[in-house]
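Just need the structure, nothing else, for what follows:
(one chain, ligands or ions: 4)
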Amino acid sequence: MARKNNICLLFPLLVLPIISIAADAAGGPSTVCSFLGASYVSYDYCMAVLSSDPRSSTADPHGLALITGDLVLANATAVRSTIELLLNNSSDPFIHTCLSHCRKIYEGAISDVRKAANATARRNYAAAEELFDGVLNAPADCEATFAARPVASSPIVKEDNEFSDIACLGRAINNYLK
Ligand SMILES: *[C@@H]1O[C@H](CO)[C@@H](O)[C@H](O)[C@H]1NC(C)=O
Ligand SMILES: *[C@@H]1O[C@H](CO)[C@@H](O)[C@H](O)[C@H]1NC(C)=O
Ligand SMILES: *[C@@H]1O[C@H](CO)[C@@H](O)[C@H](O)[C@H]1NC(C)=O
Ligand SMILES: *[C@@H]1O[C@H](CO)[C@@H](O)[C@H](O)[C@H]1NC(C)=O
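Ligands and ions are numbered 1, 2, ... in the order given. Purely as a prediction, here's the structure:
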């Protein structure tokens, strides 16, 4: 957690389909998402992610932060699974080494996301924000391993990019609540 990662997005945000939330509770998703702009999280992205969980429509801001923690953890776990699949398939020793590093990096991220989710549950939002700040290094660190050989392209750039976005939302929502 040494470096300060101020820029969340590795690459421009993917445009996600926006599912509208019918009945937004006061202090619900649209209220919270409206306040996260300064943290590189767009309103539309925030709404799209929160809308993917049915609990969001009735959650208060604390509940939304808990839901986001769950979604970030699910995402980190899914990235690790993809890395494992790719590892089993890769015959290129360089790519294999990179993917092994990435697996370790995401192991660490998963552990820190769990700690962050626990901090959110204890309403220690500042601690959660700091943990997410460290977690945000994972996708960039993983991508950096592939950069050692310029001709090699990362087979998990999409996953790294998406994880960067969702971890950024995790940091932003805890920052909003602290
Ligand atoms: C990768 O291969 C190992 C050994 O063949 C196997 O145990 C493991 O389940 C495989 N993992 C995935 C994700 O396919
Ligand atoms: C891994 O290889 C199997 C069998 O060749 C293939 O079906 C699968 O799609 C590959 N998975 C990935 C993630 O590349
Ligand atoms: C998070 O909290 C759960 C439940 O209180 C606990 O079992 C788990 O060990 C904690 N995990 C971390 C990483 O702090
Ligand atoms: C991870 O988060 C992205 C949004 O950045 C989302 O599109 C993707 O479906 C999520 N994947 C999983 C497995 O949760």
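
Tell me the residues on the chain that lie near ligand 2, please.
Within the chain, the positions near ligand 2 by CB under 6 Å from any ligand atom are 85-86, 89. Where you see a C-beta, it was placed from the backbone N, CA and C, and this is true even at glycine.

8 Å instead, please
Within the chain, the residues that sit near ligand 2 (CB under 8 Å from any ligand atom) are 82, 85-86, 88-89, 155.

Give me the buried positions along stretch 153-173.
Across stretch 153-173, burial judged by 16 or more other CB atoms under 10 Å covers 154-156, 159-173.

Sort out which of the residues of the chain next to ligand 2 are buried, if you could.
Buried, going by 16+ other CB under 10 Å: 82, 86, 155, out of the residues of the chain next to ligand 2.

the helices in the protein, which residues?
29-34, 43-51, 61-89, 93-121, 125-135, 137-146, 157-177 (DSSP state H).

chain center to the shortest one, what's the gap?
It refers to helix 29-34. 18 Å (CA atoms, centre = their mean, to the nearest Å).

same deal with the fifth one?
Shown here is helix 125-135, whose average C-alpha point lies 12 Å from the average C-alpha point of the whole chain (CA atoms, centre = their mean).

okay, the angle between it and helix 157-177?
Orientation of helix 125-135 against helix 157-177 (axes from the mean of the first three to the mean of the last three CA atoms, to 10 degrees) gives an angle of 160 degrees.

List of residues touching helix 125-135?
1, 4-5, 65, 69, 72, 76, 109, 112-113, 115-117, 119-120, 167, 170-171, 174-175, 177-178 (CB atoms under 8 Å, 6 or more residues apart in numbering).

just the buried members of these?
5, 65, 69, 72, 76, 109, 112-113, 115-117, 119-120, 167, 170-171, 174-175, 177.

Give me the neighbour count for residue 114.
15 (other CB atoms under 10 Å).

And the pLDDT for the residue nearest to it when sequence neighbours are not counted?
With CB to CB, 6 or more residues apart in numbering as the criterion, residue 114 has its nearest non-adjacent residue at 6.5 Å, and that residue is residue 73. Looking at residue 73, its pLDDT is 98.
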